[in-house]
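> have a look; sequence and predicted model below, questions after that.
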Amino acid sequence: MRKNRQDRKQYSIDMLSGSLWNRIILFALPFLASSVLQQLFNAADTAVVGRFASSHAMAAVGANTSVIVLIIGLFTGMSMGANVVVARMIGEGSSDRIHDAVITAMTVAVCSGFILIAAGYFASRPLLTLMGTPDNVLEQAVLYLRLYMLGMPFAMVYNFGSAVLRSKGDSRRPLYCLLVSGFFNVLLNLLFVIVFHWGVAGVAVATGIANMVSALVILVLLAREEDRFRFTLGMIGIRKEPLLQIMRIGLPAGVQGMIFSFSNVILQSAINGFGSDAMAGSAAAQNLEFISYFVINAFTQAAMTFTSQNFGANNLKRCRSVFRWSLLFGASASLLTDLFFILLRYQIIGFFATDPVVVDFAIQRMMLACLFNFMASSYEVTGGALRGMGYSMVPTALTIVGSCLFRIFWVFMIFPKAGTFRSLILVYPVSWAVCGIMVISSYLIIMHRLTARAGKS
């Protein structure tokens, strides 16, 4: 038993004392690796059906990307709420309340998974039709989405279980879970598509099984945790207080993600107006932006979790240090990633496309969006710090106004005056700057008030 406790302890990071900069990096790197791996495994679905099935099958899988993000966005935000609530209780030293929060979070995970199954079944055709999915792709796209959603209970168990582990500084074991499930995903993709010829159904079923594997591994880890973090399926139940706390943090984050996805759908529609070459070039460059965003998001998660624990411990000074280090690392690492992509832009884009027109569109997007993608850290990392202090609605409202609504305004009011591809893509860095100024200003105001209030008490 003592050995098990020591093994669990080696995966956790002490967020409440000692040097911060190295601990933030140690927390962020496994999270970054998890995000990149997840993206690679998602790309494997498209690659396998594109190479061994048909172009229609590949289009059916690709057509679902934005739909899936839109549908699951709300519950992804709820898992962030679970992370913040449990981490804050750790900082407060509320051991007796942690177990209730863990049980509630994992119960929400199971319930949300079944809600998503229903949502996927009933909303798949209307959403895909609304997005203008071609008739020769629609049926396969609907089939893929419905089968994909059958694995959502397992995916939610993994997401919420990972959030629980990360709340105590353990970002490595969620990565190990993903490595195991990713191996099954790729292997089963090849088996079901090449050997069984199941097409889109094959990659959807493979993803579902991979999600089941990651959920089982997470459940095994949680079942072996110390009492306050332990969870088994026999413990399912809802506790009112932690549920309300999780919803207070998680719902605004989820709503922000859904509205953000909606604004990106409108932007994509404008890009589509330039034709298939622009669509292909934009998609190629966007793959690189995803990686840069993953870098930012890793330090956003670090800012949120470290801040949650230290805010629970009433250590505002350390909260400020967490914010500064996380913003510095997020912006710097993302900028270095962006500069690397720009330096090798022609070679990298060459992996995606060879048509000179497609390449030109990709380079145009890279020089405006990819090069300045690091600016998104200004509101992403800051928003994570605010959520860690319990102010989830503030970054949500400001991001919706400064980024989502601003982008919609740009598409319909600013872009038509020039009508060029560059003028459309310019909305990205401009919206990042506007949103960053707003969210950082709100952080400074809130932190000033909290510090003044603490000085009076």
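That came in fine, so what should we check first?

> let me know the helix or strand that the residue nearest to Trp21 when sequence neighbours are not counted is in.
Leaving aside its chain neighbours, Trp21 sits nearest to Trp325 (5.1 Å; criterion: C-beta to C-beta, 6 or more residues apart in numbering). No exception for glycine: its C-beta is placed from N, CA and C like everyone else's. For Trp325, the element it lies in under DSSP states H and E is helix 316-343.

> list the buried residues for that helix?
The neighbour-count check on helix 316-343 (16 or more other C-beta atoms under 10 Å) flags 316, 318-323, 325-327, 329-331, 333-335, 337-338, 341 as buried.

> now do stretch 406-418
Phe406, Arg407, Ile408, Trp410, Val411, Ile414, Phe415.

> how about JSON lines for those, with pLDDT and distance to Gly169 added?
Formatted as JSON lines, the buried residues of stretch 406-418 follow (pLDDT from 0 to 100; distance: C-beta to C-beta, whole Å):
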{"residue": "Phe406", "pLDDT": "93", "distance to Gly169": "36"}
{"residue": "Arg407", "pLDDT": "91", "distance to Gly169": "35"}
{"residue": "Ile408", "pLDDT": "90", "distance to Gly169": "39"}
{"residue": "Trp410", "pLDDT": "94", "distance to Gly169": "40"}
{"residue": "Val411", "pLDDT": "91", "distance to Gly169": "41"}
{"residue": "Ile414", "pLDDT": "93", "distance to Gly169": "44"}
{"residue": "Phe415", "pLDDT": "93", "distance to Gly169": "44"}
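
> output the contacting helices and strands for the host helix or strand of Leu188.
Secondary structure assigned from DSSP H and E places Leu188 in helix 172-190. When contacts are defined as 3 or more C-beta pairs under 8 Å, 6 or more residues apart in numbering; DSSP states H and E, helix 172-190 packs onto helix 21-52, helix 152-167, helix 200-223.

> quick one, which of the ones you listed is packed in tightest?
helix 152-167 (a mean of 26; mean count of other C-beta atoms under 10 Å).

> please enumerate the helices of the stretch 301-450 of the chain.
With DSSP state H, counting those that start in this stretch applied, the stretch 301-450 of the chain shows helices at 316-343, 345-349, 356-365, 377-388, 393-399, 406-409, 415-418, 421-425, 427-456, listed in chain order.

> to Ile271, which of the ones you listed lies closest?
Ile271 lies closest to helix 421-425 among those, at 6.7 Å (C-beta to C-beta).

> who's in contact with the residue nearest to Trp21?
Leu20, Trp21, Ile24 (C-beta atoms under 8 Å, 6 or more residues apart in numbering).

> dump the residues you listed to a markdown table, plus pLDDT and distance to Val255.
Putting those into a markdown table (pLDDT from 0 to 100; distance: C-beta to C-beta, whole Å) gives the following:
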| residue | pLDDT | distance to Val255 |
| --- | --- | --- |
| Leu20 | 95 | 31 |
| Trp21 | 95 | 33 |
| Ile24 | 96 | 28 |
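
> can you list the domains in the protein?
Residue ranges for the domains of the chain, per automatic domain parsing: 19-250, 273-457.

> columns distance to Leu267 on top of those domains, output as TSV?
What follows is the domains of the chain, written out as TSV (distance: least, C-beta to C-beta, whole Å):
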stretch	distance to Leu267
domain 19-250	11
domain 273-457	6
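
> picking up where we left off before, relative to helix 377-388, how tilted is the helix holding Trp325?
Helix 316-343 and helix 377-388 are oriented at 150 degrees to each other (axes from the mean of the first three to the mean of the last three C-alpha atoms, to 10 degrees).

> okay, the angle between helix 316-343 and helix 427-456?
On the basis of the same axes, to 10 degrees, helix 316-343 is oriented at 170 degrees to helix 427-456.

> mean confidence score for helix 316-343?
Along helix 316-343, the predicted local confidence has a mean pLDDT of 96.

> compute the inter-axis angle for that helix and helix 21-52.
Using the same axes, to 10 degrees: helix 316-343 against helix 21-52 is 40 degrees.

> quick check: angle from helix 316-343 to helix 356-365?
Between the axis of helix 316-343 and that of helix 356-365 there is an angle of 150 degrees, by the same axes, to 10 degrees.

> excluding its backbone neighbours, what's nearest Ile249?
Nearest non-adjacent residue to Ile249 (C-beta to C-beta, 6+ apart): Gly81, at 3.7 Å.

> swap in Arg125?
Ranked by C-beta to C-beta, 6+ apart and with sequence neighbours excluded, the top spatial neighbour of Arg125 is Val142, at 5.1 Å.
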